[in-house]
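> got a predicted structure plus its sequence, pasted below:
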Amino acid sequence: MKKLIFFVVLSIQFVYAQKKSVPVIDDKVIKVDTLLWDLKTLSKAPEIEWINKTGNVYSLFYKGVDYNGKPTQVFAYYSNPDLILGKPQSKTKFPGVVLLHGGGGKAFKEWVEKWAAEGYAAIAMDFSGKQDDVKAYTMPGPEQGDLDKFQKLETGSDFKNMWTYQAVANAILAHSLLLSFPEVEISKTCLTGISWGGYLTCLVGSLDNRFKAAAPVYGCAFYDESDIFKVPLEKLSPAVRKKWTKYFDPSSYLAYAKPQFLFVNGNKDRFYNVVPYDKTYKLIPEAQRSMCLIPNMNHGHEAGWEPHEIRYFFESVIDHAPSLPKVKQIVQKDSVLNVSYSSPVSIWTADFYYSNDTTSLNETRVWSSKKVQIDPKTKTLFCPVPKEGFKYGFFYLKDHRNISASSEFIIK
């Protein structure tokens, strides 16, 4: 009899856990005249079908938004700190993270493993509908090429059949699903994405205010000013290009974002160049944004998930852990740049990177650097202005945790 009661209670607890209340996105703060996404509907956890629930990373399908009037399924990987250790599910609650891949990518199992090992319940989904390690992918959405991202709008395609609409909606659904899991701490979910996934992070982080922190890597707004992405946009008629920008460029939404943002990029990225990148982060209030410009950072999925600054940033937001260093103010006095900074850990090294190259593409621009004097007592950096001057510049700092941060770009 006692055993029966125990199993009844356990069953009730299980059912209750599965009916965990998921918070609803507050769409009233997004003050655009037409909002494509039904954020209240997307706030509901989607139906799921587990493909594999063995090993340290599970795989599943969840129901996506309709595409061309037909239902879709989205493939995803999921893990958490218990699973990664091969332990039975505990009563511990974990922070969560949603992982958005870039162009030509997929749901990366390794990325989920990394975040689960670092203490997070992590989900990564596939935006292409062609996950090569899944055989039974019968209801995919749009593909990742320029046709589905740009050109179909010229032919009168419904906005909701465009890749960006589908990817944003399915990323928000993944967050809703994550929030429905009993082991996930509702008040501690974060978002990061790489390249096109960074672009999506700007959009999703602006629309889904249930996230507490977001870290777009490379990706930014103002696609019409990108060395690369302005090319397919310029193939559209002016009216259609204007529509694409209105509905699908992050510049239309970032001003309404609520999470704390960490912007991670290199100074020579091929796809996301200095000027539009600078304009992008300035759409977020200064107190709400942090910077990590990494000199000569490579562009790629592995390079994009490598910076451990992202995890330190998330923990500073959701757990009030020590923050990243932060450049506060840059003032030029005579021929010296004086930089005030804050940091919970003393600064180890500081450099000033600068360039006068205004004719090269972003990825081939020539940069120089010089060491910077650090005054730990006043928390000030001192750097003589280069004799040749500079058009673009930024300060790059590392503390004694080997955690880096930077100033914003200085553009003259």
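Arrived safely, thanks for sending. Numbers count the residues shown, from 1 in each chain.

> can you pull the contacts of Ala405?
290-292, 309, 324-327, 343, 397, 399 (Cβ atoms under 8 Å, 6 or more residues apart in numbering). Any C-beta I mention is one placed from the backbone N, CA and C, and that applies to glycine too.

> format the residues you listed as CSV; extra columns: pLDDT.
Listed next are the contacts of Ala405 as CSV, based on pLDDT from 0 to 100:
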residue, pLDDT
Ser290, 98
Met291, 98
Cys292, 98
Glu309, 98
Leu324, 97
Pro325, 97
Lys326, 96
Val327, 97
Ser343, 97
Leu397, 97
Asp399, 97
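
> return the subset of the residues you listed lying in helices.
Using DSSP state H, the subset of the contacts of Ala405 located in helices is Glu309.

> list only buried entries from the contacts of Ala405.
Buried members of the contacts of Ala405, counted by 16 or more other Cβ atoms under 10 Å: 290-292, 309, 324-327, 343, 397, 399.

> what pairs with the residue nearest the centre of the chain across the strands?
Nearest residue to the geometric centre of the chain (Cα atoms, centre = their mean): Thr192, 2.8 Å. Counting by DSSP bridges, Thr192 forms beta bridges with Leu99, Ala215.

> can you pull the pLDDT of it?
Turning to Thr192, the model gives it a pLDDT of 98.

> which residues touch it?
Listed by Cβ under 8 Å, 6+ apart, the contact partners of Thr192 are 97-100, 201, 214-217, 305, 310.

> confirm for me that Val98 is in contact with Leu191.
Yes - using Cβ atoms under 8 Å, Val98 is in contact with Leu191, at 5.0 Å.

> what residues are shared contacts of the two?
Residues touching both Val98 and Leu191 (Cβ under 8 Å, 6+ apart) are 175, 204, 211.

> tell me the one of these nearest Trp367?
Using Cβ to Cβ, Val204 is the member of the shared contacts of Val98 and Leu191 that sits closest to Trp367, with 31.6 Å.

> count the residues that sit near the closest one.
The number of residues packed near Val204 is 30, by other Cβ atoms under 10 Å.

> give me the subset of the shared contacts of Val98 and Leu191 lying in helices.
With DSSP H as the criterion, helices contain 175, 204 from among the shared contacts of Val98 and Leu191.

> could I get the shared contacts of Val98 and Leu191 in TSV, plus columns for pLDDT and distance to Thr359?
What follows is those, written out as TSV (pLDDT from 0 to 100; distance: Cβ to Cβ, whole Å):
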residue	pLDDT	distance to Thr359
His175	98	43
Val204	98	36
Phe211	98	40
